[in-house]
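1. quick one: sequence and predicted model below, then my questions.
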Amino acid sequence: MTTLLVGQPLDLARTLQSGQAFRWRPVAVDGGEWWHGFLGDEPVLLQQRAQRASKDVALDVRCRSGAEDEVVRRLRSYFRLGDDLPATYRRLRRDPHLADAVARLHGMRLLRQEPWECLVGFLCSGHNNVKRIMLMMERMADAYGTPAPLYGVARNAFPTPERLTKAGERALRGLRLGFRAAAVAHAAQAVAVGSFPLAALREWPYERAKAALVELPGVGEKIADCVLLCSLEKPEAFPVDRWVRRAVEEWYGVKPGMGRNGKPRKEATHEEICAWARARFGRDAGYANQYLFQGRRTEEREVGGMRRVET
DNA sequence: TCCTCTCCTTGCTT
DNA sequence: AAAGCAAGGAGAG
């Protein structure tokens, strides 16, 4: 077992359940509660030490023997420990809505994920909920991934584009992906044969990379921005889903502008909201987005006189 | 050309 | 128990 000194705010559970990544799950190992997941093909178990001051945050790490150094390197990248989150918090807290979200969700970090798994996860996100996205991802891994047992936890690495191409749309429907099966199958084929240079998008400018992603069936602006923000190093990306849209419209009064035909639109466009967010949050737009999303999704609300919290 | 409406699978919640 | 709903996208009109 290794230990990773984090030296930054990190709430492991909040981060891994924040709806960015879909393959982390709690497991019991040797009588302790751990998080099991993958860094690429490398299986890992993570446990957060009791947290006192943020400088004391440490992660206990279990991985295949011999892989420790590589895993620790990947963890620093995965949790974006190079981001100065306290400095970001200081700027975001000037905004009362974000101050509240930061207070409730302290330690939730953006992740730097592997692009292929990230793309498939968000391809499955449309008209769906997080629990079922995780189910779909797990079924794909169970059926087509490579076994990677660790401390008695038998799970498979997420399947490569080649493996999912071989599986095909029909089989993916069998895994109950529904209408998303065609999009996943198409993306797998495009990445596998090299007609879609997913990994190279990391080096491309934001607009060009987004334009390329949107060409994929099943990828619109929202999913493109998710993949760009969470795996392709594009801090300008500001995914606008129903939660973020509601937060921006209700909390900040952002209204739709005029259409080209002079009539007011029903909703603000992605571009309008994205431009507004860049102007308001600047370089913190990515973290602001994640805190608005999760803050809105988990806020307490009055329903029939009962206080309840969405999970 | 731009905007809006409807449909698309499945499974959990009310 | 039937209906509603969930990190959207695409095609029709």
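-> Thanks, I have the structure now.
2. how far away is the residue lying closest to residue A:196 once chain neighbours are set aside from DNA strand C?
-> Distances taken as Cβ to Cβ, 6 or more residues apart in numbering put residue A:190 closest to residue A:196, at 3.7 Å, once the chain neighbours are dropped. The C-beta positions use only the backbone N, C-alpha and C, and glycine is treated the same way. For residue A:190, the distance to DNA strand C equals 13 Å [Cβ to the nearest atom of the strand, to the nearest Å].
3. Three-state assignment for residue A:190, please.
-> helix (DSSP: H, G, I helix; E, B strand; the rest coil).
4. tally of neighbours for it?
-> 18 (other Cβ atoms under 10 Å).
5. next: the one 5 residues further on.
-> Neighbours of residue A:195 under the rule other Cβ under 10 Å: 8.
6. residue A:120 now?
-> Residue A:120: 27 neighbours (other Cβ under 10 Å).
7. before we move on, which element is it in?
-> helix A:115-123 (DSSP states H and E).
8. in that helix, what's buried?
-> Residues of helix A:115-123 classed as buried: A:115, A:116, A:117, A:118, A:119, A:120, A:121, A:122, A:123 (neighbour count, 16 or more other Cβ atoms under 10 Å).
9. now do stretch A:194-211
-> Quick answer for stretch A:194-211 (16+ other Cβ under 10 Å): A:196, A:198, A:201, A:204, A:206, A:209, A:210.
10. repeat for stretch A:181-197
-> Buried-residue list, stretch A:181-197, by 16+ other Cβ under 10 Å: A:181-192, A:196.
11. export that stretch as CSV, just CAs?
-> Written as CSV, here are the backbone C-alpha positions of stretch A:181-197 (Å, rounded to 0.1, in the frame of the first residue of the first chain):
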residue,chain,number,x,y,z
ALA,A,181,-26.1,2.1,-28.7
ALA,A,182,-25.8,3.5,-32.3
ALA,A,183,-23.9,6.5,-31.2
VAL,A,184,-21.5,4.4,-29.0
ALA,A,185,-21.0,1.9,-31.9
HIS,A,186,-20.3,4.7,-34.4
ALA,A,187,-17.8,6.5,-32.1
ALA,A,188,-16.0,3.2,-31.4
GLN,A,189,-15.6,2.5,-35.1
ALA,A,190,-14.5,6.0,-35.9
VAL,A,191,-11.8,6.0,-33.1
ALA,A,192,-10.7,2.5,-33.8
VAL,A,193,-10.1,3.0,-37.5
GLY,A,194,-8.5,6.4,-36.8
SER,A,195,-10.9,8.5,-38.8
PHE,A,196,-11.7,10.4,-35.6
PRO,A,197,-8.4,11.5,-33.9
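12. would it count as contacting DNA strand B?
-> No. Using Cβ under 7 Å from any atom of the strand, stretch A:181-197 never reaches DNA strand B; the gap is at least 7.7 Å.
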